[in-house]
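S.K.: Quick one, what's the 3D model for this:
(one chain, ligands or ions: 1)
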Amino acid sequence: MTISVHRLHESLGAEIRGIDLSRPLDDTSFATIATAFLDHQVIVLRGQQLPPERHIALTRRFGNPEIHILEQFHLVGHHEILVLSNRKHADGTPVGLEDAGRYWHTDVSFWPEPSTASLLYSLEVPPEGGDTMFTNQYAAYDALPDELRRQLDGRRLLHGLNRVVAPKFTDEQLARVVPVSHPAFRTHPGTGRKAVFAGAFAMGIEGMTDAAARPILDALYAHCGEDRFRYVHRWRAGDLVMWDNRCVLHHATPFDPAYARHMHRTTVSGGRPI
Ligand SMILES: [Fe+2]
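M.R.: So this is what the prediction gives:
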């Protein structure tokens, strides 16, 4: 089958057709995915059959799979996979992490070495809602208002968690997350381009009081999520979406909980942002 790449939005995102992820990736297919990933930041492959072993093998082509701190939502037998789901076990306990990330964020930026990439595979989706919105943080950097650029140039943001953004963490899990600082503007190691690195886990600015930092962070958050930088992915079952956490923010949207939304996620471990 011929492999082709189709842009999804003027800001970011591309669909790749002609690759069957249920089989081991040949070098041409891998190179197409790797190039499109750097060029388009979010890539989509539709109509895929991706059992856990194949999902993990695909993730390994891009680096080491991470083990998420929420071990209660690991897929049984495959701890590299985090289950995102609103399904319940027979005893009423949740099958996976529900209501994940309904705010702009980049995955696990509260760690010293946040994920480079996330690979999310949909098994069951609601008829409407439950979308994932993505925004291009190269574009957000390029379009920064002068005032924000001046306030944040050379600054480091403090990333952490609280009960508002992490309601499903146990007290012990929350206590393991110690605030960490990352540059407000990071340089992508693969493209050399600068991107804003912020989102809802960015809760402070190093060397600044909370009172001084809050309005700057609020203005940055609003800027980074603007429509003009945004691609909205409307899920179908069988979609594999892979995004670059180094230059993209994402945000889940609500849906009718009468319907199931059930997905498998892996992430690739990354280096320290510079
Ligand atoms: Fe996320």
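S.K.: Quick check: closest non-adjacent residue to the single nearest residue of the stretch 101-250 of the chain relative to the ion.
M.R.: In the stretch 101-250 of the chain, the residue that lies nearest the ion is residue 101 (3.8 Å; C-beta to the ion). From N, CA and C alone the C-beta is placed, and that goes for glycine too. Excluding the flanking residues, the one nearest residue 101 by C-beta to C-beta, 6 or more residues apart in numbering is residue 252, at 4.9 Å.
S.K.: who touches that neighbour in this structure?
M.R.: Shown in contact with residue 252 (C-beta atoms under 8 Å, 6 or more residues apart in numbering): 99-102, 130-133.
S.K.: where does the chain have its least confident helix or strand?
M.R.: Every helix and strand of the chain was ranked by mean pLDDT, DSSP states H and E. The lowest is helix 171-175, at a mean of 91.
S.K.: Pull out the C-alpha coordinates of the very next helix or strand once past that helix and format them as PDB.
M.R.: As assigned by DSSP states H and E, the chain's next helix or strand after helix 171-175 is strand 180-183. In PDB, the C-alpha atoms belonging to strand 180-183 read as follows (Å, rounded to 0.1, in the frame of the first residue of the first chain):
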ATOM      1  CA  VAL A 180      10.600  21.100  39.400                       C
ATOM      2  CA  SER A 181      11.700  24.000  37.200                       C
ATOM      3  CA  HIS A 182      11.900  24.000  33.400                       C
ATOM      4  CA  PRO A 183      12.700  26.800  31.000                       C
END
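S.K.: Touching strand 180-183 from outside, list them.
M.R.: Applying C-beta under 8 Å, 6+ apart, the set of residues contacting strand 180-183 is 109-112, 114, 155-160, 197, 202, 206, 273-274.
S.K.: Run through those and flag the ones next to the ion.
M.R.: Applying C-beta under 5 Å from the ion, the subset of those adjacent to the ion is empty.
S.K.: Just the buried residues of those residues.
M.R.: The neighbour count (16 or more other C-beta atoms under 10 Å) marks 109-111, 114, 155-160, 197, 202, 273 as buried among the contacts of strand 180-183.
S.K.: And those residues, which two are furthest apart?
M.R.: Maximum pairwise distance in the buried ones among the contacts of strand 180-183, criterion C-beta to C-beta, is 19.7 Å, between 111 and 155.
S.K.: Dump stretch 245-263 to PDB, keeping only the CA atoms.
M.R.: Taking C-alpha atoms only, stretch 245-263 is exported to PDB below (Å, rounded to 0.1, in the frame of the first residue of the first chain):
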ATOM      1  CA  ASN A 245       5.100  16.900  24.300                       C
ATOM      2  CA  ARG A 246       8.100  19.200  23.700                       C
ATOM      3  CA  CYS A 247       6.200  21.500  21.400                       C
ATOM      4  CA  VAL A 248       2.500  20.700  21.900                       C
ATOM      5  CA  LEU A 249      -0.100  21.300  24.600                       C
ATOM      6  CA  HIS A 250      -3.200  19.100  24.700                       C
ATOM      7  CA  HIS A 251      -6.600  19.300  26.400                       C
ATOM      8  CA  ALA A 252      -9.400  16.700  26.600                       C
ATOM      9  CA  THR A 253     -13.000  17.800  26.200                       C
ATOM     10  CA  PRO A 254     -16.100  16.500  28.100                       C
ATOM     11  CA  PHE A 255     -18.600  13.900  26.900                       C
ATOM     12  CA  ASP A 256     -21.800  12.200  28.000                       C
ATOM     13  CA  PRO A 257     -20.700   9.700  30.700                       C
ATOM     14  CA  ALA A 258     -23.500   7.400  29.500                       C
ATOM     15  CA  TYR A 259     -21.100   6.400  26.800                       C
ATOM     16  CA  ALA A 260     -17.800   4.600  27.200                       C
ATOM     17  CA  ARG A 261     -14.400   6.200  26.300                       C
ATOM     18  CA  HIS A 262     -11.700   3.700  26.600                       C
ATOM     19  CA  MET A 263      -8.100   4.200  25.500                       C
END
